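**Q** 3D model of this:
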Amino acid sequence: MVNKERIWDLMEEVFDPEVPVLTIMDLGIVRDVVQIDDYWKISITPTYSGCPAMKTIEDDIIEKLGEYGIENVSVELVLSPAWTTDWLTESGKKKLKEYGIAPPVDEVDKSVLFADPPIVPCPRCDSKNTKMISQFGSTACKAHYQCQECLEPFDYFKCLK
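**A** Residues are numbered from 1 along each chain as shown. Model prediction:
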């Protein structure tokens, strides 16, 4: 039997196409699951408004539910409230680090003019002796850093609030 709880459980099987170790539940982008008459409406919020992965995620949700015989599905993009890294689960942060991407850290208020980049521990050796190389990493939601101890480059999942 298909119920709301089952749909939520199936969302744990839909992975982010840009960071394949994270599910969309790890990211916290699934906002709501609603049954309306004979179909299901899934609401998702992008990690940022221009995220190119959202269409793929929408298609993956529909495909995943279809694998379980759930055909009447729509996916709605919800922009407000805006996604924040606070919505990442603790499990998601751990998966990011294990994958080699530094999870978000508490950052200085971005409104402070000329604020220094945040101190981001290396996901490989945990050194805080790291340096931002570029404001943008492999995707717009990440910055590119390098550890000054182990010399490894790494992405940092930027804090968005």
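**Q** can you report how many residues neighbour the closest residue to Ser138 other than its chain neighbours?
**A** Spatial nearest neighbour of Ser138, excluding adjacent residues (CB to CB, 6 or more residues apart in numbering): Asp155 at 5.7 Å. From N, CA and C alone the C-beta is placed, and that goes for glycine too. For Asp155, the neighbour count with other CB atoms under 10 Å is 23.
**Q** and what of Asp106?
**A** Based on other CB under 10 Å, the number of other residues close to Asp106 is 8.
**Q** who are the neighbours in contact with the residue nearest the centre of the chain?
**A** In the chain, the residue lying closest to the centroid (CA atoms, centre = their mean) is Leu27, at 3.7 Å. By CB atoms under 8 Å, 6 or more residues apart in numbering, the residues touching Leu27 are 16, 47, 87-88, 92.
**Q** which pLDDT value goes with it?
**A** On the pLDDT scale, Leu27 is placed at 95.
**Q** likewise Lys110?
**A** Taking Lys110 on its own, its pLDDT is 55.
**Q** mind naming the longest helix for the chain?
**A** As assigned by DSSP state H, the longest helix anywhere in the chain is helix 54-67.
**Q** how far away is Asn3 from Ile70?
**A** In this view, Asn3 and Ile70 are 11 Å apart by CB to CB, to the nearest Å.
**Q** where in this structure is pLDDT low?
**A** 107-115, 161 (pLDDT under 70).
**Q** repeat that with 50
**A** Scanning the chain with the threshold set as pLDDT under 50 gives 111.
**Q** now the helices for it?
**A** Assigned by DSSP H, the chain shows helices spanning 4-11, 24-27, 54-67, 90-99.
**Q** how is the protein carved up into domains?
**A** Following automatic domain parsing, one finds the domains of the chain at 4-83, 100-157.
**Q** how long is the shortest one from one end to the other?
**A** In this case it means domain 100-157. One end of domain 100-157 sits 11 Å from the other (CA to CA, to the nearest Å).
**Q** and that domain, how far from the chain's centre?
**A** Remark: domain 100-157 is offset 16 Å from the chain centroid, using CA atoms, centre = their mean, to the nearest Å.
**Q** thinking again about what came up before, let me know the angle separating the longest helix of the chain from helix 4-11.
**A** 120 degrees (axes from the mean of the first three to the mean of the last three CA atoms, to 10 degrees).
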